[in-house]
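>>> fold the following for me, if possible:
(chains A, B, C and D)
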There are 2 protein chains.
Amino acid sequence: MPRVVDHAARRSEIVLALWGVIHERGLDGVSFRAVAEAAGVSIGRIQHYFASKEELIREGCTQMVVAAQSRYAELSRSGGPEHQLWTLVSGPVPSTRPQRLGAAVWYAYLAKSVAEPALREIIGAAIEDAGARAIRLLTTVRSGADGEGTDAVGARHGAEARSRSEHEALALLALGDGLAQRVVVGAIDGPEALAALAEEFTRRGLTPGGILD
Amino acid sequence: MPRVVDHAARRSEIVLALWGVIHERGLDGVSFRAVAEAAGVSIGRIQHYFASKEELIREGCTQMVVAAQSRYAELSRSGGPEHQLWTLVSGPVPSTRPQRLGAAVWYAYLAKSVAEPALREIIGAAIEDAGARAIRLLTTVRSGADGEGTDAVGARHGAEARSRSEHEALALLALGDGLAQRVVVGAIDGPEALAALAEEFTRRGLTPGGILD
DNA sequence: CCTTTCGCAGTATGTTCATATCGCAATGGT
DNA sequence: ACCATTGCGATATGAACATACTGCGAAAGG
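As a prediction, the model looks like this:
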């Protein structure tokens, strides 16, 4: 058998170059030529690994979701539900340069997803996943904080609490996204956004995590 | 002099068609051909009114900002600062179909602004303007609510209050943006977003406005 | 050493696009 | 009635692009 290369690694290299192109030229502005140049390889190689431009862009989107989820998994590994919630909500807020790049690329995908069902599906699933996770974490935190019983009254109370948790989770996630957006646009910087988020956590009786790099 | 037409009106017609194209095909996908088709006019006409594709897209962005600001001005005309604040913060959240279109287009511009300084300037100014307005309104509301004096202690207290108002305004605006984003992506619908926003207003001791169409 | 098979660079092809240009039509002043 | 000026449809031009295709070099087993 002939020459063996790590297929997945090569694809990741190319996707990385793709993100660079998206960041500095927008999702339009992506072409095989541009990506090949950014990656420092030939156009032929890009074509060899991705059958079409669409597939390349789609793969870039799923890898972005995967990267975000692994990052969350790693950062939230050690820590209680409160810390995990902070990690989840503050995740979108970029505080380093590569994170800013990632966030900007993410917004490009988000905007495109309106017109592109394939992207909408990927992104919609990711958002739904984060939402469900946040609700679960918040419910745990809230029920753990109260000394709630498990009798009938407590159960009714629990249903109410679940609904409140849903609203609260939505508000927290939306706040994180909104702040992230402002960082990407340059209206505020990362630390400011994280400070605002931390303040909001505190105001809700939650413990914000530290500012991670 | 020859044939007289309303220049501005023609430009607006074309920009409207541009928005339609952006909405259903993304900012890439915009071409003179596509816009001409959407507007039901010839390519030549588009060229006659816009020297380049870039200029067309840029004009589309400024008109979007102008439209949002006029809408705010009109909706907030009758009402105190609290009502104006609600109008400002809930403005980005789309609750009708044309508003959803507008919001989607706005996100396309937002994403592109990362790579396009011309757009970044327009959008940055709009965001800054909204931010300043929100801070002003919130400061007014907060100082009006307390029965604060104007002595030295009151003044120091006022500086603190200003800083708190800044943080609070940021949080409210970011929340509005984050909720709007989720509506655009389809994770929640307009009423849900407005309800979440209203709940947040209430939680902060502010009066949310009604759900406007 | 030789052959087979994959990795991938380079080039060809047809399409789409932005933009420049031409020319006709409409119009209002003279 | 005529003409200068503007609106704008239509077409030409050349660049950029996605994609298909060709072929060579490099390995890995026989």
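
>>> only C-alpha atoms for contact and neighbour calcs from this point on.
OK.

>>> lowest-scoring secondary structure element of chain A by mean pLDDT?
Lowest on mean pLDDT, DSSP states H and E among the helices and strands of chain A sits helix A:152-185, with a mean of 86.

>>> what comes up buried for that helix?
For helix A:152-185, the neighbour count (16 or more other Cα atoms under 10 Å in any protein chain shown) marks A:158, A:161-162, A:164-185 as buried.

>>> briefly note if it comes near chain B.
Yes. Helix A:152-185 reaches chain B (Cα under 8 Å from any Cα of the partner chain) through A:167, A:170-171, A:173-179, A:182, A:184-185.

>>> those residues: which ones sit near DNA strand C?
When contact is defined as Cα under 7 Å from any atom of the strand, those do not meet DNA strand C at all.

>>> quick check: which element contains the most centrally placed residue in chain A?
Closest to where the C-alpha atoms of chain A average out (Cα atoms, centre = their mean) is residue A:68, at 4.7 Å. According to DSSP states H and E, residue A:68 maps onto helix A:53-75.

>>> quick check: angle from the helix or strand following that helix to helix A:53-75?
Downstream of helix A:53-75, the next assigned helix or strand under DSSP H and E is helix A:81-90. Here helix A:81-90 runs at an angle of 150 degrees relative to helix A:53-75 (axes from the mean of the first three to the mean of the last three Cα atoms, to 10 degrees).

>>> just want the angle from helix A:81-90 to helix A:152-185.
Going by the same axes, to 10 degrees, helix A:81-90 makes 40 degrees with helix A:152-185.

>>> so where is chain A shaky, pLDDT-wise?
The model of chain A has pLDDT under 70 over residues A:1-4, A:144-158, A:211-213.

>>> look up how far DNA strand C lies from residue A:204.
Using Cα to the nearest atom of the strand, to the nearest Å, residue A:204 is found at 49 Å from DNA strand C.

>>> ignore the last one, residue A:69
With distances taken as Cα to the nearest atom of the strand, residue A:69 is found 28 Å from DNA strand C.

>>> burial measure for that residue, as a count.
17 (other Cα atoms under 10 Å in any protein chain shown).

>>> and the gap between it and DNA strand D?
28 Å.

>>> what residues go with each domain of chain A?
Using automatic domain parsing, the domain parsing of chain A gives A:1-50, A:61-203.

>>> buried deepest among those, which one?
Mean neighbour count (mean count of other Cα atoms under 10 Å in any protein chain shown) peaks for domain A:61-203 among those, with a mean of 19.

>>> what's the first-to-last distance across that domain?
35 Å (Cα to Cα, to the nearest Å).

>>> against residue A:45, how distant is residue A:109?
According to Cα to Cα, residue A:109 stands 24 Å off from residue A:45.

>>> correction: residue A:92
For residue A:92, the distance to residue A:45 - Cα to Cα - is 32 Å.

>>> residue A:65 is in contact with residue A:126, correct?
Yes. If you go by Cα atoms under 8 Å, residue A:126 and residue A:65 touch, sitting 6.7 Å apart.

>>> chain B contacts on chain A?
Counting by Cα under 8 Å from any Cα, chain A sits next to chain B at A:23-28, A:104, A:107-108, A:110-116, A:120, A:124, A:127-128, A:167, A:170-171, A:173-179, A:182, A:184-187, A:196-197, A:200.

>>> now residue A:104. Nearest residue, chain neighbours left out?
Among residues not flanking residue A:104 along the chain, residue A:184 sits closest, at 5.9 Å (Cα to Cα, 6 or more residues apart in numbering or on different chains).

>>> same check on residue A:13?
Nearest to residue A:13 is residue A:39, by Cα to Cα, 6+ apart, at 7.3 Å.

>>> and residue B:53, which of the domains of chain A is closest to it?
domain A:1-50 (13.5 Å; Cα to Cα).

>>> and stretch A:165-180, C-alpha only, in CSV?
Extracted C-alpha coordinates of stretch A:165-180, given in CSV (Å, rounded to 0.1, in the frame of the first residue of the first chain):
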residue,chain,number,x,y,z
SER,A,165,-34.9,28.2,35.6
GLU,A,166,-35.7,28.1,31.9
HIS,A,167,-36.3,31.8,31.7
GLU,A,168,-33.2,32.5,33.7
ALA,A,169,-31.1,30.3,31.6
LEU,A,170,-32.4,32.0,28.5
ALA,A,171,-31.6,35.4,29.9
LEU,A,172,-28.0,34.3,30.9
LEU,A,173,-27.2,32.7,27.6
ALA,A,174,-28.6,35.6,25.7
LEU,A,175,-26.6,38.0,27.8
GLY,A,176,-23.5,36.1,27.1
ASP,A,177,-24.1,36.1,23.4
GLY,A,178,-25.0,39.8,23.4
LEU,A,179,-21.8,40.7,25.2
ALA,A,180,-19.8,38.5,22.9
